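A.B. asks: With the input below, show me the fold.
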Amino acid sequence: ESVSTNFTINRLVEILGKRGKEGGGVLSDVSEIICGNCEEGLPAVTWCVNCESSLCNDCNIAHKRMNAFESHVTVAVEEFIKNPSLILSSSPEKAEACKSHSKQPLDLYCRTCSNLICRDCTLKDHPRETHDFAFVGEVVDEEREKIKEVTASLKGLIERMRTGVKRIEECEEEVDMRSEERRLKK
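C.D. replies: This is a model prediction of the structure:
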């Protein structure tokens, strides 16, 4: 069996591979990422998740104007550098399709209903006036931060519990020692 090529991962490796050894594995300047759509060689300002390509400012403006790309998700290059897994996790290949709207990607999360929704869902079933929704990637980041906070809180609680258990053990030893001393005095 042949393994199919994952162009998103290949492009990600290609771009992030430019991080270089001298930068400690981190791009020192986002201008190192150039537009993947035009021949100008201009620095990229966004990454289109659907097209799997970096866009310079001019291409980004054109991309936003075209009706064919209205459902495309773009991410600022800075965010792409900070969290490339966001690009992979929000890739349309990974996103479920909306059953109500011609298999549009479920790229939004409605906090009001606790459901994944597509952009078309926001027009009829989840209007902004009565529903709070955001891009799935943003919600994932928010939830990840909440998990980090809870984890840190739990680590502190565990440490306090360990200290408490240690004190109880010390008290038990003290009680045992005093009991033994009293028993020996009799």
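A.B. asks: Which neighbouring elements make contact with the one helix or strand Met161 maps to?
C.D. replies: Element membership for Met161, per DSSP states H and E: helix 136-185. Identification of packing neighbours for helix 136-185 by 3 or more CB pairs under 8 Å, 6 or more residues apart in numbering; DSSP states H and E yields helix 84-89, strand 108-110. For glycine as for every other residue, the C-beta is placed from the backbone atoms N, C-alpha and C.
A.B. asks: Least confident of the ones you listed, on average?
C.D. replies: Looking at the helices and strands packed on helix 136-185, the lowest mean pLDDT belongs to helix 84-89 (a mean of 56).
A.B. asks: Quick check: which ranges of the chain have low pLDDT?
C.D. replies: Residues of the chain meeting the criterion pLDDT under 70: 1-31, 83-95.
A.B. asks: Report the distance from the helix holding Met161 to the chain centre.
C.D. replies: Helix 136-185 sits 31 Å away from the centroid of its parent chain (CA atoms, centre = their mean, to the nearest Å).
A.B. asks: what comes into contact with stretch 71-79?
C.D. replies: With CB atoms under 8 Å, 6 or more residues apart in numbering as the contact definition, stretch 71-79 has outside contacts at 30, 33, 43-51, 54-55, 60, 63-64, 86-87, 90, 92, 104-105, 107, 118-119, 135, 137.
A.B. asks: Buried ones among those residues?
C.D. replies: Using 16 or more other CB atoms under 10 Å as the burial test, the contacts of stretch 71-79 include 33, 43-51, 54-55, 60, 63, 86-87, 90, 92, 104-105, 107, 118-119, 137 as buried.
A.B. asks: Just the element for Ser54, please.
C.D. replies: Using DSSP H and E, Ser54 sits within strand 53-55.
A.B. asks: What strands line up against that strand, and which way round?
C.D. replies: The strands beside strand 53-55 in its sheet (DSSP bridges) come out as strand 46-48 (antiparallel).
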